[in-house]
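[1] Here you go, sequence then predicted model.
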Amino acid sequence: MKIKKLSLWIGIVLLFESVSASAGIFEYSVGFSFYKSRFSEESFNWTRAWRTSVGYHFTDFSGIELSFQDLTNRTKVFNSEDIMTHDLVYSLNWIQQFVPSDWIFRPYGKLGLGQTNRQVEGTVIDSGTSQSIAFRQKINAVTIVMSLGFKLFLLKNIAIRNEFSSQLVKGSIRNWDDNINFTIGASVYF
């Protein structure tokens with residue numbers, strides 16, 4: 001009995017020792033983007049995106065990530081509409097890096113499942129009556145997150161991170177291009 005317990009403990013220690021010897025590393029990332037387009041003196045569109053995430057890399061190529069995105073879009077067309085959309089996206093993602101970790105330039109893909117909490121509010125002008133109609137709508141939906149990006153390493157544990165991301169709200173592939181954003185930021189590995 002003592003030999004079985006001792007063998008079990010030795011096996012557990014060796015398992016954890018081998019796992020820790022080949023275990024990956026943690027990554028903390030932040031990103032931001034801002035875009036504005038002016039159609040006329042009083043008509044414009046702007047989008048702001050914040051992203052933060054914590055990831056764990058099992059190997060040089062694979063890992064998981066817990067991510068949060070805060071996306072805001074405002075569109076104002078003079079005498080027509082003024083609409084603000086605010087998305088909060090929480091997701092758990094699989095990260096697949098395409099090159100070994102000793103490369104300075106590291107492209108990657110990301111696929112995940114999450115939750116979008118969207119609030120849309122604004123006013124539109126009824127073209128027939130010229131009256132302003134206010135509205136507010138909330139959407140909470142399961143979301144598929146798809147991303148492509150790259151990291152450019154400045155130091156061994158610090159990288160510039162660029163990412164194109166799409167959120168498939170309600171999981172529909174037909175609206176993949178409705179929610180595309182680009183963020184630039186930084187990653188720190190520890």
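    Arrived safely. Numbers count the residues shown, from 1 in each chain.

[2] got the buried residues for the longest strand along the chain?
    Ranked by number of residues, the top strand in the chain under DSSP state E is strand 132-155. Using 16 or more other C-beta atoms under 10 Å as the test for burial, strand 132-155 gives 143-147, 149-151, 153. C-betas here are computed from N, CA, C, even on glycine.

[3] Dump that strand to CSV, restricted to CA.
    What follows is strand 132-155, C-alpha atoms only, in CSV (Å, rounded to 0.1, in the frame of the first residue of the first chain):
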residue,chain,number,x,y,z
SER,A,132,-38.4,63.3,-34.8
ILE,A,133,-38.9,59.7,-33.5
ALA,A,134,-36.8,58.6,-30.5
PHE,A,135,-36.0,55.0,-29.8
ARG,A,136,-34.0,52.8,-27.5
GLN,A,137,-33.3,49.1,-27.9
LYS,A,138,-31.3,46.5,-26.0
ILE,A,139,-29.9,43.3,-27.4
ASN,A,140,-28.2,40.6,-25.4
ALA,A,141,-27.0,37.8,-27.6
VAL,A,142,-24.6,34.9,-27.8
THR,A,143,-21.7,36.0,-30.1
ILE,A,144,-19.0,34.2,-32.0
VAL,A,145,-15.7,36.2,-32.1
MET,A,146,-13.3,35.8,-35.1
SER,A,147,-10.0,37.6,-35.3
LEU,A,148,-6.9,37.8,-37.3
GLY,A,149,-3.9,39.7,-36.1
PHE,A,150,-0.2,39.9,-35.5
LYS,A,151,2.3,40.7,-32.8
LEU,A,152,5.5,42.5,-33.4
PHE,A,153,7.9,41.9,-30.6
LEU,A,154,10.0,44.9,-29.4
LEU,A,155,11.5,43.0,-26.5
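
[4] pull the CA atoms of the host helix or strand of A159 into CSV?
    Taking DSSP states H and E as the criterion, A159 maps to strand 158-169. What follows is strand 158-169, C-alpha atoms only, in CSV (Å, rounded to 0.1, in the frame of the first residue of the first chain):
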residue,chain,number,x,y,z
ILE,A,158,6.7,43.2,-24.9
ALA,A,159,4.9,43.3,-28.3
ILE,A,160,2.8,45.7,-30.4
ARG,A,161,-0.4,43.9,-31.1
ASN,A,162,-2.7,44.6,-34.1
GLU,A,163,-6.0,42.8,-34.5
PHE,A,164,-8.9,42.8,-37.0
SER,A,165,-12.0,41.3,-35.2
SER,A,166,-15.5,40.5,-36.2
GLN,A,167,-18.4,39.7,-33.8
LEU,A,168,-21.1,37.4,-35.2
VAL,A,169,-24.0,38.6,-33.0
